[in-house]
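**Student:** my questions are about this predicted structure, shown below with the sequence.
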Amino acid sequence: AQTVTQSQPEMSVQEAETVTLSCTYDTSESDYYLFWYKQPPSRQMILVIRQEAYKQQNATENRFSVNFQKAAKSFSLKISDSQLGDAAMYFCAYRSSYNNNDMRFGAGTRLTVKP
Amino acid sequence: DGGITQSPKYLFRKEGQNVTLSCEQNLNHDAMYWYRQDPGQGLRLIYYSQIVNDFQKGDIAEGYSVSREKKESFPLTVTSAQKNPTAFYLCASSIMMEPQHFGDGTRLSIL
């Protein structure tokens, strides 16, 4: 079964600086999707960014970008120009292309943004 | 606005009692999901449904039951057989291979 590991339970960053959250995954599949979700104190899960495994180009969404290393099975999230509103739990998730319902989440990284 | 509505936000269960968590979506999504979230853990799949009147067990289905009588609705019942029901429950929906959209969640506690 696929597993997702987030090795950083907590991270902190100074406002306006850059932070990188780590994620590794284990799979034998060649085609899949990877996601980063943000969960603020309101507890709603918000999609931040997604990456299709067949795409070599790293996904970017405004201040959020990923470093997708398929061979290393690594999928890190970089947040540039951190803002106070970025403070939240961040979850890395893997979804199989062969089974749309098979979605695996990491344990999460709590990001604190210091003013 | 389209979205997923979960109710109630907070729910308390007495010993031996079944409780039902509501999940309604107006996104016209075919698939719906229920996840459980415990502190320090990621989301774990309880049940999912791809079409009306059909649903499948996820990784931690024991002590839970669901129904899918309408496309828009996917209620989750936490039965008395679930011995450790205290958790945050999230409902999600999706269409085809698009990302899952989540509701705001329900926090269930034991009295």
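**Tutor:** Done, it's in.
**Student:** and the residue of chain A nearest chain B?
**Tutor:** Here chain A gets closest to chain B at one residue, A:F105, 3.3 Å apart by C-beta to the nearest C-beta. To be clear about C-beta, it is placed using only N, CA and C from the backbone, and glycine gets the same treatment.
**Student:** quick check: closest non-adjacent residue to that residue.
**Tutor:** Leaving aside its chain neighbours, A:F105 sits nearest to B:G42 (3.3 Å; criterion: C-beta to C-beta, 6 or more residues apart in numbering or on different chains).
**Student:** A:T18 and B:N28, how far apart?
**Tutor:** Distance, A:T18 to B:N28, using C-beta to C-beta, to the nearest Å: 39 Å.
**Student:** quick one: B:Y47 and B:A61 touch, right?
**Tutor:** Yes. Counting by C-beta atoms under 8 Å, B:Y47 touches B:A61, with 5.8 Å between them.
**Student:** of these two, who's got more company?
**Tutor:** Using other C-beta atoms under 10 Å in any protein chain shown as the criterion, B:Y47 and B:A61 rank with B:Y47 on top: 21 against 17.
**Student:** show me the contacts for the more buried one.
**Tutor:** For B:Y47, the contacting residues are B:Y33, B:W34, B:F55, B:Q56, B:K57, B:G58, B:A61, B:Y64, B:V66, B:L76, by C-beta atoms under 8 Å, 6 or more residues apart in numbering or on different chains.
**Student:** now swap in A:T109 and tell me
**Tutor:** Under the criterion of C-beta under 8 Å, 6+ apart, the contact list for A:T109 reads A:Q6, A:Q8, A:P9, A:E10, A:M11, A:L21, A:S22, A:M89, A:Y90.
**Student:** please name every helix or strand in contact with the worst-scoring helix or strand of chain A on mean pLDDT.
**Tutor:** The weakest-scoring helix or strand in chain A, judged by mean pLDDT, DSSP states H and E, is strand A:103-105 (a mean of 92). Using 3 or more C-beta pairs under 8 Å, 6 or more residues apart in numbering or on different chains; DSSP states H and E, the elements in contact with strand A:103-105 are strand A:3-5, strand A:88-96, strand B:43-51.
**Student:** reformat those as TSV; add distance to A:D31 and mean pLDDT.
**Tutor:** Shown next, in TSV, are these (distance: least, C-beta to C-beta, whole Å; pLDDT from 0 to 100):
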stretch	distance to A:D31	mean pLDDT
strand A:3-5	17	95
strand A:88-96	8	95
strand B:43-51	20	94
